[in-house]
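# build the 3D model from these lines:
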Amino acid sequence: MRDLLISRLSPFKHGNFTRFYFVQTLSSIGKWSHDLARAWIVVEMFGKAGALGTLLLATAIPSMIFILYGGVLVDRVEVKRVFIFTSFFMAMASLTLAGITEFSDIEFWHLLIFGVIEGLIMAFQSPAFHTLTVRLVPREDFQQALALNSINFHLARTLGPLLAGLIMAWKGPAAVFLFDGLTYFVLLRILISLKLQPSTRSE
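Residues are numbered from 1 along each chain as shown. Model (predicted):
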């Protein structure tokens, strides 16, 4: 059992993966909390449950259309650079939405625009994330690194809405968007210092 556990956690032997894993978990928690706060605004403030489906569609369509281009870009450009730029733009979008929510009268069309922006960014960030993960560990640890990312996803999906509820009860949805934006800057700080394994892609 001990040997099995050690093998499953083998990616944590690599400092770059460990640092990225935990800050990415934090960022994912921020993203899930962001999604719940946005849904709360649509349903609670606008009273339109059907509008939530429209918002989700506005986010999904750009991502589905451009994700193939994202894969091509990641294949041709340094993956860390792609992830840094997309994370920065996600941070700016969240902080801008926080400002609009706190200091202005937010409208549904605001959320639609930010949904489209998020979908576009995710089309490039998602392929970059998966490529970056396996560039942080040697080839023999690829499988375990991907499995740990699955745990990361489900943990964030559980903790994000919980944290969003607590923050909204304390300060409202703008504080959730602010939290999400700040988690990206923590992620960026770690990203800049990461050292990647050589690419194993055939030329």
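
# quick one: stretch 99-113 to chain centroid distance?
Computed by CA atoms, centre = their mean, to the nearest Å, the chain-centroid distance of stretch 99-113 equals 21 Å.

# next: stretch 72-89.
14 Å.

# give me the mean pLDDT for that stretch.
Confidence over stretch 72-89 (mean pLDDT, whole number) is 93.

# enumerate the positions of it that are buried.
Neighbour-count burial for stretch 72-89, with 16 or more other CB atoms under 10 Å as criterion, is recorded at 73-74, 79-80, 82-89. Placement of C-beta: from N, CA and C, glycine included.

# put the alpha carbons of that stretch into PDB.
C-alpha atoms of stretch 72-89 as PDB (Å, rounded to 0.1, in the frame of the first residue of the first chain):
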ATOM      1  CA  VAL A  72      -2.400  24.700 -32.900                       C
ATOM      2  CA  LEU A  73      -1.100  27.800 -31.100                       C
ATOM      3  CA  VAL A  74       0.200  25.700 -28.100                       C
ATOM      4  CA  ASP A  75       1.900  23.400 -30.600                       C
ATOM      5  CA  ARG A  76       3.700  26.300 -32.200                       C
ATOM      6  CA  VAL A  77       4.400  28.800 -29.400                       C
ATOM      7  CA  GLU A  78       6.100  28.300 -26.000                       C
ATOM      8  CA  VAL A  79       3.300  26.800 -23.800                       C
ATOM      9  CA  LYS A  80       4.300  28.700 -20.700                       C
ATOM     10  CA  ARG A  81       4.000  32.000 -22.500                       C
ATOM     11  CA  VAL A  82       0.500  31.000 -23.700                       C
ATOM     12  CA  PHE A  83      -0.600  30.100 -20.200                       C
ATOM     13  CA  ILE A  84       0.800  33.300 -18.800                       C
ATOM     14  CA  PHE A  85      -1.000  35.500 -21.200                       C
ATOM     15  CA  THR A  86      -4.300  33.700 -20.900                       C
ATOM     16  CA  SER A  87      -4.100  33.800 -17.100                       C
ATOM     17  CA  PHE A  88      -3.300  37.500 -17.200                       C
ATOM     18  CA  PHE A  89      -6.300  38.200 -19.400                       C
END
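
# that concludes my questions; thank you for your assistance.
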